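Enquirer: Show me the folded form of this:
(chains A and B)
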Amino acid sequence: MSTTSLDNPPRDVGAAAPAPGRRRRAKPGTWRHAIRRDWQLYSLAILPLLFFAIFRYLPMLGNVIAFRKFEPGGSIFGESWVGLRYVKMFLNDPSFWTVFTNTLVLGALTLLFCFPLPIVLALLLNEVRNRRVKRFLQSVSYLPHFLSMVIVAGIVMQMLAIDGPVNQIVKVFGGEPTAFLQKPEWFRTIFVSSEVWQTVGWGTILYLAALTTIDEQLYEAARMDGAGRWRQIWHVTLPGIRPTAITLLILNIGTFMAVGFEKVLLLYNPLTYPTADVISTYLYRMGVESSNLSYAAAIGLFEALVGVVLILSANLISRRTVGTSLW
Amino acid sequence: MTFEKTRGYRAFQVVNAVILTGVVVVTLYPFLNILARSFSEERYIVGGQVNLIPRGFNITTYKLVVSDSMFWTNYGNTIVYTVVATAIAMLLTTCYAYVLSKKHLKGRTFLIWVAVFTMIFSGGLIPNYVLVNGLGLTNSIWAIVLPNAISVFNLLVMKAFFEGLPQELEEAAAIDGLNTYGVLWRVVLPLSKAVIATMVLFYAVSFWNSWFTAFLYLNKTDMFPVTIYLRNLIAGATGAESAGASLSEASAAAANIQSVTIMLTVLPILAVYPFVQRYFVSGVMLGAVKG
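Expert: Predicted structure coming up:
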């Protein structure tokens, strides 16, 4: 066996070793060297990079149509500059402020319920001693997560139909059957409760994982100090899952503005627009249905901006106060 | 452990059992109710008399939906879209994840950021819509399978898995004369069956369930996936083609047809769910480890 093959790892997978047996070798650490050594690896990245360039980064640039007039069939970047015209337009649009408020309210309610409930459920599941029972409970609670939004919407409609189970219960208590989905005052309740139904079980996965990593000795020590069940939860369990909770909280805040676009689109109707219409559904109607693409893009950009500000501030606040952050 | 025997703890266990039973009931009831409705006679549904047990048991509505040729066309479309989209997604994701898993690669950090950045920022609905239209993908399968070909989350899961593989095996294979493609195809992939299966599941379920891209970009009925068929049924835009002769009859049957279509659409997922669920769970855990 020659010394070269021993001392030099093979070209394709080796670390920073120079290519063996080449007359004109490039200096290690330069791009020429890296490409000569790893060109096959780079070639594997070409198609995925094309995907990202076309379907992810091009649309980001495409947002300039918010400031340019878009003509149907024309360039995806629009035809001529119109400055802040579309921004001014939506700031003066009364329906914009309705949907803006609705977005904030639905987002806040979703966060208020969908963030803490998985923690509670995870704590309860964690107390189940029988492993089989525990696994069954988990399987059942994950199930709604695997359904298409269309199916969830269908189930919600069937449950709330005039002759559906919810109205049967209403009747038992002597109430009048209500067409819940036609009533603006019910939309928020319906949206949030179906969201909880769909996400709470799945949300427990990471917390249950975090719970298993808590050191048993901490509980032991707490017990020695005379801590009861509740104090153990308060002083050991909750601090143990805090990093997970904060990471998920920041991520939730990041998607605050995009609240349940698909579900709202499937569940709302003109009767419930006063409480149900959110920014994303409004821009869908403005853009796709009414073809005011530049106007809708301006609204979308605004929505994204608010989202970015929210996630950056959440990250900053949590880094300053509890020392955990996404970056 | 003495506290486990205290009265307070026992009381807690009872309360806990009650709450968790409640969770199970609330989660499962809607499924069982719709299952019961799908086998019931319309008059009992309209009368609000169907709970967990079908009343006036019959499979007429199943026959009705199954005899609607559009239902089968759309069901077939869903299968085709799911298979093609999953194949493309797996190809792109595997290649990129493998590249990203090579720690010595120059420019690796940049390549990772190209992907991760799109998790935080996205172009938004309208620019995407304009782009897909501009590329002329509307009313073709490409509008469904291309724009979501890589899920960054799945990409990071796969990358983490590849990073955990023993480097020595790949080096040995390279010494034996395999080039990078050979190493990936003949050494790495056979070792990665678990993660590949998980990723195929992740993608397949998401494509099976997706409806919005089809809703946006397809407007030919015979190209719809079954989710759009169901959505139109729910929105009242169309009934199952043969949904009864008279209008009143059709509206009475609507709830029944919806239940049946929901059951048929969800069936494949319910059928594989018990077997695949744990893969999903481990995949999510792996994805939670920051890349």
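Enquirer: quick one: buried residues of the helix or strand where residue B:203 lies?
Expert: Using DSSP states H and E, residue B:203 sits within helix B:193-209. Using 16 or more other C-beta atoms under 10 Å in any protein chain shown as the test for burial, helix B:193-209 gives B:195-196, B:198-209. Where C-beta positions appear, they are placed from N, C-alpha and C, glycine not excepted.
Enquirer: can you check stretch B:272-281 too?
Expert: B:273, B:276-277, B:279-281.
Enquirer: what do you get for stretch B:70-87?
Expert: Result for stretch B:70-87 [16+ other C-beta under 10 Å]: buried residues B:70-71, B:73-75, B:77-78, B:81-82, B:85-86.
Enquirer: what pLDDT, on average, does that stretch get?
Expert: Here stretch B:70-87 scores 95 as its mean pLDDT.
Enquirer: next SSE after the helix or strand hosting residue B:156?
Expert: Secondary structure assignment for residue B:156, by DSSP H and E: helix B:152-163. Following helix B:152-163 in sequence order, the next helix or strand is helix B:167-175 (DSSP H and E).
Enquirer: Could you give the average pLDDT over that next one?
Expert: Rounded mean pLDDT across helix B:167-175 is 89.
Enquirer: Could you list the single helix or strand in chain A with the lowest mean pLDDT?
Expert: Least confident element among the helices and strands of chain A, by mean pLDDT, DSSP states H and E: helix A:3-7 (a mean of 41).
Enquirer: which intervals of the chain have sub-threshold pLDDT?
Expert: No chain in the question, so chain A it is. A:1-26 (pLDDT under 70).
Enquirer: nope, chain B please
Expert: B:1-5, B:237-253, B:288-291.
Enquirer: For chain A, what's its nearest residue on it.
Expert: residue B:123 (2.4 Å; C-beta to the nearest C-beta).
Enquirer: Isn't that residue up against residue A:63?
Expert: Yes - assessed by C-beta atoms under 8 Å, residue B:123 is found in contact with residue A:63 at 6.4 Å.
Enquirer: And these two? Which one has more around it.
Expert: The neighbour comparison of residue B:123 against residue A:63 (other C-beta atoms under 10 Å in any protein chain shown) goes to residue B:123, with 24 against 19.
Enquirer: Kindly check the end-to-end length of stretch A:137-157 for me.
Expert: 26 Å (C-alpha to C-alpha, to the nearest Å).
Enquirer: Tell me the buried residues in it?
Expert: A:137-138, A:140-157.
Enquirer: Contacts only, for residue 126.
Expert: This is for chain A. Going by C-beta atoms under 8 Å, 6 or more residues apart in numbering or on different chains, residue A:126 touches A:208, A:211.
Enquirer: hm, I was asking about chain B
Expert: Applying C-beta under 8 Å, 6+ apart, the residues contacting residue B:126 are A:65, A:283, A:287-288, A:293, A:296-297, A:300.
Enquirer: In the residues you listed, find the pair that's most separated.
Expert: A:65 and A:288 (13.8 Å; C-beta to C-beta).
Enquirer: And those two? Which one has more around it.
Expert: Neighbours per residue, other C-beta under 10 Å: of residue A:65 and residue A:288, the larger number sits with residue A:65, 27 against 17.
Enquirer: is stretch B:181-191 up against chain A anywhere?
Expert: Yes - using C-beta under 8 Å from any C-beta of the partner chain, stretch B:181-191 reaches chain A at B:181, B:183-184.
Enquirer: what would these look like in a markdown table with neighbour count?
Expert: Putting the residues of stretch B:181-191 next to chain A into a markdown table (neighbours: other C-beta atoms under 10 Å in any protein chain shown) gives the following:
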| residue | neighbour count |
| --- | --- |
| B:181 | 14 |
| B:183 | 23 |
| B:184 | 22 |
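Enquirer: Filter those residues down to the ones in strands?
Expert: Among those, no member falls in strands (criterion: DSSP state E).
Enquirer: Distance to residue B:39 added to these, as CSV?
Expert: Listed next are these as CSV, based on distance: C-beta to C-beta, whole Å:
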residue, distance to residue B:39
B:181, 53
B:183, 54
B:184, 50
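Enquirer: Narrow these to those in helices?
Expert: B:181, B:183 (DSSP state H).
Enquirer: And the residues of stretch B:181-191 next to chain A, which is closest to residue A:203?
Expert: Nearest to residue A:203 among the residues of stretch B:181-191 next to chain A, with distances taken as C-beta to C-beta, is residue B:184, at 35.4 Å.
Enquirer: List the residues that contact the closest one.
Expert: A:44, B:94, B:98.
Enquirer: Now for those residues, which sits with the most neighbours around it?
Expert: That'd be residue B:94 among those, by other C-beta under 10 Å, with 23 neighbours.
Enquirer: Would you confirm that that one contacts residue B:196?
Expert: Yes - here residue B:94 reaches residue B:196: they are 7.5 Å apart, a contact under C-beta under 8 Å.
Enquirer: Any residue of stretch A:217-229 touching chain B?
Expert: Yes - using C-beta under 8 Å from any C-beta, we find that stretch A:217-229 touches chain B at A:223, A:228-229.
Enquirer: Check the residues you listed for burial and list the buried ones.
Expert: Using 16+ other C-beta under 10 Å, the buried ones in the residues of stretch A:217-229 next to chain B are residue A:223.
Enquirer: Out of the residues of stretch A:217-229 next to chain B, which comes closest to chain B?
Expert: Of these, the one sitting nearest to chain B (C-beta to the nearest C-beta) turns out to be residue A:229, at 6.3 Å.
Enquirer: And that closest one, how far from residue B:267?
Expert: 44 Å (C-beta to C-beta, to the nearest Å).
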